[in-house]
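Enquirer: Coordinates for the following, if possible.
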Amino acid sequence: MNLFSEIRLSVLAALDALVADGVLPAGMSLDAVAVEPPRDAGHGDMATNAAMVLAKPAGLQPRAIAEALAARLRDDPRVAEATVAGPGFLNLRLQPTVWQGVVLAALTDPGFGRSTLGQGKRVNVEFVSANPTGPMHVGHTRGAVFGDALANLLAHAGWEVTREYYINDGGAQVDVLARSAYERYREACGHAPEIREGLYPGDYLVPVGEALKEKYGDSLLDKGEQYWLTEVRDFATDRMMEMIRQDLALLGVSMDVYASEKAIYGTGRIEAAIETLRGMDLIYEGQLDPPKGKVPEDWEPREQTLFRSTAHGDDVDRPVKKSDGSWTYFAPDIAYHHDKVQRGFDALIDIFGADHGGYVKRMKAAVAALSQGRVPLDIKLMQLVKLWKNGEPFKMSKRAGTFVTLRDVVEQVGPDVTRFHMLTRKNDAPLDFDFDKVLEQSKDNPVFYVQYAHARIQSVLRRARDAGVDVSDAALAGADLSGLAHEAELKLARQIAEWPRLVEIAARGNEPHRIAFYLYDLASDLHALWNRGNDDPGLRFLQEGDAMATQAKIALIRATAVVISAGLGILGVTPVDEMR
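Expert: As a prediction, the model looks like this:
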């Protein structure tokens, strides 16, 4: 049940009737007609822009259309009032029975809040994709939470979702990993490690060195790296990926696919992707203009193989092969995304760190070209996370050597708090993670405030059962809900009605943070109703001596709990039944 969609259908039917009556001309597109909450809740329950968007094509004044539409909508038994405001805004106030019906729907419809938006479509969400050179840091944590919550959200909205991790194991960084691990191997063999500048200094490589000694004994000592680099690199990379999988598991994140960059090289896939683009006249030999601004002293024009990415919205064309004949970093990424397109996805989503902003246009251009515009690519950039504790920046992890790890964060506050708080800001905004505040039990801590709402509801249910009231969903669904008529109760029901609409909005924009924001608002309305009951006995959830009234009021908060639980499920957070 999506009440906003249902009322929009009523608006469209009224517009069709106005066309049939000759009030409006035939043939106008109604796609832009929307039904939304009004900006000011005092104006009504819903508002439609129909008169404003149809005035020009109809050749009529907006207010004239709004007045005619209002007259039609007043015939809808769900509409209590239809009033025109300003130049032609139409506000609707609905009957209390409509909001009572929302409560019933939340209790009885297993699909309440789910959507068919992505039904029959497949989406690939690539996220984390950290270099396999060490444990995941706090920046990866934010990307992992965002990606997993987004995948949950899209699945909730009907998409068939594939979670994918791209292992960057084909670049120079894994050679650095191998050399770093080799020094820890030397250490395990009784030699002092030489952790020179440019190597990874973290203690996390000590067990890798010990494992190398266990496997190879002393056989790799005193040999040139041409003898051991490949084997140590593969061994260390596998160990790092095992560590990363464990880190992700701490957050409750699991991937459907792990794709290897290294596996792309030497298979002809890069060449095939480039030739596909060449067949579209998008690959050519040429020279790039010098960089804008200050030109480096050593810059010189060089003949390169270039992708004509400007044909698909990029600012400049991009090199795919260097003048020495080797591939650029961009080339295997093109091949990798070509593979995604060939796997038949209807949409692609990449989640990158903020430092990859310069990669967005070229990657979108490549996918647009390779899919001939059929497959959209949305790239979400994750801004930085700033850690605080005791009012000061949180110090680096000794184990990691240079950064705070995902494990550090989760071990201090737990996965649920970590996940929820990482979604309290939009992905493109910096996020402060204060270890003290995220554990604070106050309204200013969103994760506590939402969990407290769910726990409060569960406490009422337990007390009602102890009092002999049947509070099963079946019994609550059969309760007489007509007594839910107080404005504070209807306000909570209106917020519940927002849930299906909110899911679709969040899914369309690939914005899981909207779920966290919504849950905070829903919890606020629940707490407000609870507090009103302290002063007004008629609003208390347990009505002594009146089981029917109690069931009606508990039906409202049980519906609230259903939505909170569903929302937390999308965020990957477990709802709590008791606060400790």
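
Enquirer: Give the buried residues for stretch 257-273.
Expert: Within stretch 257-273, the residues scored as buried using 16 or more other Cβ atoms under 10 Å are 259-262, 264, 269-270, 273. All C-beta atoms are positioned from the backbone trio N, CA, C, and that covers glycine.

Enquirer: would you list those residues in TSV and tack on secondary structure?
Expert: What follows is those, written out as TSV (DSSP: H, G, I helix; E, B strand; the rest coil):
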residue	secondary structure
Ala259	strand
Ser260	strand
Glu261	coil
Lys262	helix
Ile264	helix
Arg269	helix
Ile270	helix
Ala273	helix
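
Enquirer: Quickly name whichever of those is closest to Thr418.
Expert: Taking Cβ to Cβ as the measure, Thr418 lies nearest Ala259 of these, at 26.0 Å.

Enquirer: Isn't the closest one up against Tyr166?
Expert: Yes. Counting by Cβ atoms under 8 Å, Ala259 touches Tyr166, with 5.2 Å between them.

Enquirer: Mutual contacts of those two, please.
Expert: Tyr336 (Cβ atoms under 8 Å, 6 or more residues apart in numbering).

Enquirer: Please pull out the lowest mean pLDDT helix or strand from this structure.
Expert: strand 392-393 (a mean of 88; mean pLDDT, DSSP states H and E).

Enquirer: Could you check whatever helix or strand comes next after that one and say which residues are buried?
Expert: Under the assignment DSSP states H and E, the closest C-terminal helix or strand after strand 392-393 is helix 406-413. Of the residues in helix 406-413, 406-410, 413 count as buried by neighbour count, 16+ other Cβ under 10 Å.

Enquirer: what residues are up against the closest residue in space to Leu439 that isn't next to it in sequence?
Expert: Leaving aside its chain neighbours, Leu439 sits nearest to Val413 (6.0 Å; criterion: Cβ to Cβ, 6 or more residues apart in numbering). Counting by Cβ under 8 Å, 6+ apart, Val413 makes contact with 435, 438-439.

Enquirer: Buried ones from the residues you listed, can you make that a ChimeraX selection?
Expert: Typed into ChimeraX, the line below selects the buried ones among the contacts of Val413, using 16+ other Cβ under 10 Å:
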select :435,438
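
Enquirer: Show me the chain divided up by domain.
Expert: Domains of the chain are assigned by automatic domain parsing as 3-94, 172-250, 446-571.

Enquirer: out of these, nearest to Ile351?
Expert: Ile351 sits nearest to domain 446-571 of all these, at 9.3 Å, using Cβ to Cβ.

Enquirer: of all the contacts of Val413, which comes closest to Ser371?
Expert: Distances from Ser371 to the contacts of Val413, taken by Cβ to Cβ, are shortest for Val438, at 41.0 Å.

Enquirer: Which pLDDT value goes with that closest one?
Expert: In this prediction, Val438 carries a pLDDT score of 92.

Enquirer: Tell me the secondary structure at it.
Expert: helix.

Enquirer: pretty sure it is touching Asp444, no?
Expert: No. Between Val438 and Asp444 there is no contact under Cβ under 8 Å: 10.5 Å.

Enquirer: what's the most buried one of the domains of the chain?
Expert: domain 446-571 (a mean of 19; mean count of other Cβ atoms under 10 Å).

Enquirer: That domain: how far from the chain's middle?
Expert: 24 Å (Cα atoms, centre = their mean, to the nearest Å).

Enquirer: Tell me the span between the first and last residue of that domain.
Expert: Using Cα to Cα, to the nearest Å, the end-to-end distance of domain 446-571 comes out at 13 Å.
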